[in-house]
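J.: Sequence first, then the predicted structure, then my questions.
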Amino acid sequence: MRPQRGKQKLFDAALTLFESQGYFATSVEQITAEAGVSKGLVYNYFSSKEELLVALVVDATEKMTKVGSVLDAEQPLADSLAAFVDDFFGFLRSERRFLKLQVSVLTAPELRRSVAQPLRERAQLLLDLMQRWFRRTGVAQAKSKARVLLALLDGIALHTLFIYDPYPLAGLKSHVLTVATALTTDALLTPATPAR
């Protein structure tokens, strides 16, 4: 078995079991049985179930980095925004199981410590990518506007994953693009003059 294929089988099995019975109720033995691999293969890659969980987070970060990479493309602003939103919505659909697990892990105090650093790194990576992209296109207040757009996308992700099933992602694309485009102008986040 090729190394990457074995690791992916472990990721898929762990996700299936963590989703169906929870992280704490899942054993390494159950993961190996679900994956159809030997216990030794698990320990070839990971020293513990917790390390496997962290590797899942890192794997999702690498996938999310690919989503954010379209922001660095030398394309017109509208095209780059549309490509990013398409990729982000695609990521929500393709990584749904993992993203639901990630949120549940964040609410478990026993696990939050384990995944906090890779999740912070992912958040910072996305913020940096978007901020650089906004600066490259001449957007004022690039960091604040990048935070606003990411917060909007995080809210959509939570609605998609936990609140509405199905969620109208395709119908929201034009609205997200309108907000994102407005963020690239001085129309949003320009401090208002206080009322007298």
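T.: Thanks, I have it.
J.: buried residues in the helix or strand where R120 lies?
T.: Here R120 is covered by helix 109-136, with elements defined by DSSP states H and E. By 16 or more other CB atoms under 10 Å, the buried positions in helix 109-136 come out as 111, 114-115, 118-119, 122, 126-127, 129-131, 133-134. Yep, even glycine has a C-beta here, placed from its N, CA and C like the rest.
J.: So which other helices or strands are in contact with the helix or strand harbouring A55?
T.: If you go by DSSP H and E, A55 is part of helix 49-68. Here helix 49-68 touches helix 3-21, helix 28-35, helix 39-45, helix 77-94, helix 96-106, helix 109-136, going by 3 or more CB pairs under 8 Å, 6 or more residues apart in numbering; DSSP states H and E.
J.: ok, and what's touching it?
T.: Outside helix 49-68, the residues within contact range by CB atoms under 8 Å, 6 or more residues apart in numbering are 7, 10-11, 14-15, 18, 23, 26-28, 31, 42, 45-46, 84, 87-88, 90-91, 95, 98-99, 101-102, 105, 111, 114-115, 118-119, 121-122, 125-126, 129-130.
J.: again, only this time at 6 Å
T.: Contacting residues not belonging to helix 49-68 are listed as 11, 14, 28, 46, 87-88, 91, 98, 114-115, 118, 122, 126, 129 [CB atoms under 6 Å, 6 or more residues apart in numbering].
J.: go on, stretch 115-123?
T.: With CB under 6 Å, 6+ apart as the test, stretch 115-123 has contacts from V57, V58, T61, V105.
J.: Identify the residue with the minimum pLDDT among those residues.
T.: pLDDT across those is lowest for T61, at 81.
J.: returning to that earlier point: angle of the helix holding A55 against helix 109-136?
T.: Angle between the axes of helix 49-68 and helix 109-136 is 20 degrees (criterion: axes from the mean of the first three to the mean of the last three CA atoms, to 10 degrees).
J.: roughly how far is helix 49-68 from the heart of the chain?
T.: Averaging C-alpha positions (CA atoms, centre = their mean, to the nearest Å) puts helix 49-68 9 Å from its chain's average.
J.: Kindly report the same for stretch 99-108.
T.: The offset between the C-alpha centroid of stretch 99-108 and the centroid of the whole chain comes to 12 Å, using CA atoms, centre = their mean.
J.: Sort out which residues of stretch 137-155 are buried, please.
T.: By neighbour count with 16+ other CB under 10 Å, stretch 137-155 contains the buried residues V139, Q141, A142, K145, A146, V148, L149, L150, L152, L153.
J.: Just the pLDDT for the fifth one.
T.: pLDDT, A146: 92.
J.: hang on, the earlier thing: in the helix holding A55, which of the residues would be classed as buried?
T.: Counting neighbours by 16+ other CB under 10 Å, the buried set in helix 49-68 is 49, 52-57, 59-61, 64, 67-68.
J.: gap between the residue nearest to the spatial centre of the chain and F88?
T.: The geometric centre of the chain, computed from its C-alpha atoms, lies nearest to M64 (CA atoms, centre = their mean), at 5.5 Å. Separation of M64 from F88 (CB to CB, to the nearest Å) stands at 9 Å.
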